[in-house]
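1. Pasted the sequence and its predicted model underneath.
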Number of protein chains: 2
Amino acid sequence: MSGPLEGLRVLDLSSVVVGPVCTGVLAEQGAEVIKLESPEGDLLRKLGGKGRSPGMAGKFLNFNRGKRSLCLDLKHPRAKAVLARVAARCDILVTNIRPEAQRRLGVDAATVSEALPRLIHCSIVGFRGDGPYAGKPAYDTVIQGVSGIAGCFEASTGEPRYVPMLVADHVCGLIAAQQIGFALYRREKTGRGESIEVPMFENMAAFVLQEHLGAMSFRPALGPPGDARVLSPEARPLRTRDGFIAVSANTDAQAHGFFRAIGRPELIADPRFATVAARTAHTKEYFALRATALLGRDSAEWLAILGAEDVPAMPYNTIESLLTDPHLRATGLVREEEHPSEGPTIAIGAPNILSGGMAPRLPPAQRLGQAGRDVLAEAGLSAAEIDELARDGALRQPEEQE
Amino acid sequence: MSGPLEGLRVLDLSSVVVGPVCTGVLAEQGAEVIKLESPEGDLLRKLGGKGRSPGMAGKFLNFNRGKRSLCLDLKHPRAKAVLARVAARCDILVTNIRPEAQRRLGVDAATVSEALPRLIHCSIVGFRGDGPYAGKPAYDTVIQGVSGIAGCFEASTGEPRYVPMLVADHVCGLIAAQQIGFALYRREKTGRGESIEVPMFENMAAFVLQEHLGAMSFRPALGPPGDARVLSPEARPLRTRDGFIAVSANTDAQAHGFFRAIGRPELIADPRFATVAARTAHTKEYFALRATALLGRDSAEWLAILGAEDVPAMPYNTIESLLTDPHLRATGLVREEEHPSEGPTIAIGAPNILSGGMAPRLPPAQRLGQAGRDVLAEAGLSAAEIDELARDGALRQPEEQE
């Protein structure tokens, strides 16, 4: 069995989160990913929190599984030619380097495509090139602020706030991998590569607007924007005697089941709560009622009672408790793994299943420059050439860092 | 110019958000999407907030651009055979119907693939089939609760909460489209379709764990999980005299520029704030300092001052203000459009640019059953057959709803 992208090679000129998410998906689907790093290494190696050894932070490990690290000093006069030889063997180039810096390094779409017409060049940028924000730097929080994500919190709770995840980076990385898949399909038809621009602002603004433009989709607006149920300040897990559970009771059958479960069957006939339309009109009261309805019993009891009434309900997980979730352990999404240099770790598996074949389990993230020699040898450089590049400092290898 | 998926046909057996996001992406890339609806129509037609006419809620319009609506009553004895004739012409089938209901309708992967070996069948489910939660119903909030998204808020602010968007639905829809692209690529190589299972829980748990497993990625754990900067309760837009702006000042150059901009250059040498490592160790103090630093001037002034110091900063947008954002207007992501039945509306454009060609602007979302006659005629049914199906109630058309 092998993944759908088996046989494809990716040159990964990206760092931190948005690009590594993209190339992580490609690796998970069977592509060979060559991660180019500067002598300082991907910033996430250090910024990604604690690790057992320098440059091997937990967050870095989790975004870089299955990639081969090639460490070149692109300031060295010979490094660019070496990079070009590696690129010539690749099908896909992914970068989140800003456009003007791409041009300086000679890895922009125009330059690369001329030499390599079959290459798919994917550039993840903050803002599309044809508007006034073109070229501005993009960071996750800046994108969350300008794209309306923080604005959704203001609409919900009165206070702008960022999602406590790098959601713009992460989602745009997933989208970049998606767009690359479509370009790969087209390349099979046309024989030609192409360049893709994935602008984070436009993608996240579209995400927010699809969700919440609502009554403002019409001109003139039919009312204020926003899906009231989703924006309710009470949109949160319900508190029980010993914790929280997640409940969804939206259809009439579910809501009525919920009322029976909490011992308030009279609410089924209550004109405020009897129908979807009534509950939508009384979202505030309905959510307030739910917020305190489960305080009398423990979570496990409520899950059993709600399950018996066919009300969708699941345990609430913290970040920690995901590690012991019985379903994630059973499906292998979370498993223990020995990292060759970092010792015992937790590995996060591939979520999706393709009947046509999946890539084998990905090896863990590498140390800086770990695959450098092999990658250059495969690109046709002789052992003597590689030794010379290492001696000159153009190629960096793990031994030298310590 | 045409999109990469030009010439492909999608049978969309999905509703509400997760499936429609997926097929919306496929439409945006040039695929023809046939949206099958029951006589009640996609729930989002009614639940999607206000609209000018029944069944045409704003939220529905924004998730269903570019799709052709076919309305069949699958309880009618002849409808299933009609659906099979439509399916026989399709390349891709997308569904978020629960597995056992798929089997009842005969649209599950096993049944469909036997008849149509080139078809790509994508089933979006709550939970993978090989764990104890298999078959449980999935709703966005339930997934946000069980996958640790709400848990990230607890880790940040002490209070579990859902993202005020259907983020699990939306992200998993994007992932489903991504996986379909990879399967299409593989089909070009093998000539065979395949079935894909996209489990929402596994995908969102992996999303959370990659972000925040951190020091718990090691066994034994090196510390509590979570990226402290991302989880800071102060991770939000900064308040100015007249509103908010979004600022990212993470590198030393950016942080030092920020200190100069706010007239506190002495902080550059402050041991708590001088370096990335120092600021990470003093995240709380650094974020607290930033939270009140901009109260003395208006947002526009700060954007100019911070820009001059090369500190990434952008305007803060509410949902409403996205509609007048100068960049989104310039790039055409947001534009005005006349809907043939609903009058003047706002249209949300395609965010990404592919140099190999893009699909033409998508037509707006259709009324329930609007394309039924055409779709069936293209599937080879005669006008007399179609009339009979309409007379029998197996096929529903827009005229009959009002």
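-> Cool, got the structure.

2. partner residues bridging A:V247?
-> Going by DSSP bridges, A:V247 is paired in beta bridges with A:A313.

3. Give me the neighbour count for it.
-> 25 (other CB atoms under 10 Å in any protein chain shown). Any C-beta I mention is one placed from the backbone N, CA and C, and that applies to glycine too.

4. got a list of what it touches?
-> A:237-238, A:258, A:290, A:294, A:306, A:311-313, B:141-142 (CB atoms under 8 Å, 6 or more residues apart in numbering or on different chains).

5. What is the neighbour count of the residue of the stretch 201-350 of chain A found nearest chain B?
-> Evaluated by CB to the nearest CB, the stretch 201-350 of chain A has A:A246 as its residue closest to chain B, separated by 2.3 Å. By the criterion of other CB under 10 Å, A:A246 has 26 neighbours.

6. what's the neighbour count on the nearest residue to it once chain neighbours are set aside?
-> Excluding the flanking residues, the one nearest A:A246 by CB to CB, 6 or more residues apart in numbering or on different chains is B:G145, at 2.3 Å. Other residues within reach of B:G145, judged by other CB under 10 Å, total 28.

7. what's the answer for the one 5 residues further on, then?
-> Neighbouring residues of B:A150 were enumerated by other CB under 10 Å; the total is 26.

8. which element is it on?
-> In the assignment (DSSP states H and E), B:A150 maps to helix B:149-157.

9. List the backbone torsions phi and psi for the closest residue to A:E188 other than its chain neighbours.
-> Distance criterion CB to CB, 6+ apart; nearest residue to A:E188, sequence neighbours excluded, is B:E188 at 3.9 Å. Phi and psi for B:E188, reported as degrees, to the nearest 10, are phi -60, psi -30.

10. Neighbours of B:E188, how many?
-> Burial measure for B:E188: 13 neighbouring residues, criterion other CB under 10 Å.

11. thinking it is in contact with A:Y185, fair?
-> Yes: if you go by CB atoms under 8 Å, B:E188 and A:Y185 touch, sitting 6.6 Å apart.

12. Strands of chain A, start to end?
-> A:9-13, A:32-37, A:67-72, A:92-95, A:120-125, A:195-199, A:238-239, A:244-247, A:313-315, A:334-339, A:343-348, A:353-354, A:395-396 (DSSP state E).

13. CSV for those, including distance to B:R9 and mean pLDDT?
-> Converted to CSV, those look like this (distance: least, CB to CB, whole Å; pLDDT from 0 to 100):
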stretch, distance to B:R9, mean pLDDT
strand A:9-13, 30, 98
strand A:32-37, 32, 98
strand A:67-72, 36, 98
strand A:92-95, 27, 98
strand A:120-125, 24, 98
strand A:195-199, 24, 98
strand A:238-239, 43, 98
strand A:244-247, 37, 98
strand A:313-315, 36, 98
strand A:334-339, 38, 97
strand A:343-348, 35, 98
strand A:353-354, 21, 98
strand A:395-396, 49, 98
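
14. of all the ones you listed, which lies closest to A:T275?
-> When the strands of chain A are compared by CB to CB, strand A:244-247 sits nearest A:T275, at 18.8 Å.

15. re earlier: which strands and helices lie in contact with the helix holding B:A150?
-> helix A:319-322, helix B:200-212, helix B:228-231 (3 or more CB pairs under 8 Å, 6 or more residues apart in numbering or on different chains; DSSP states H and E).

16. Between the ones you listed, which one is closest to A:P360.
-> A:P360 lies closest to helix B:200-212 among these, at 17.6 Å (CB to CB).

17. if I look at the residue sitting nearest the centre point of chain A, how far off is A:P340?
-> For chain A, the residue nearest the mean C-alpha position is A:H170 (3.0 Å; CA atoms, centre = their mean). Distance of A:H170 to A:P340, computed by CB to CB, to the nearest Å: 27 Å.

18. pretty sure A:V17 is touching A:D169, no?
-> Yes: counting by CB under 8 Å, A:D169 is a contact partner of A:V17 at 4.0 Å.
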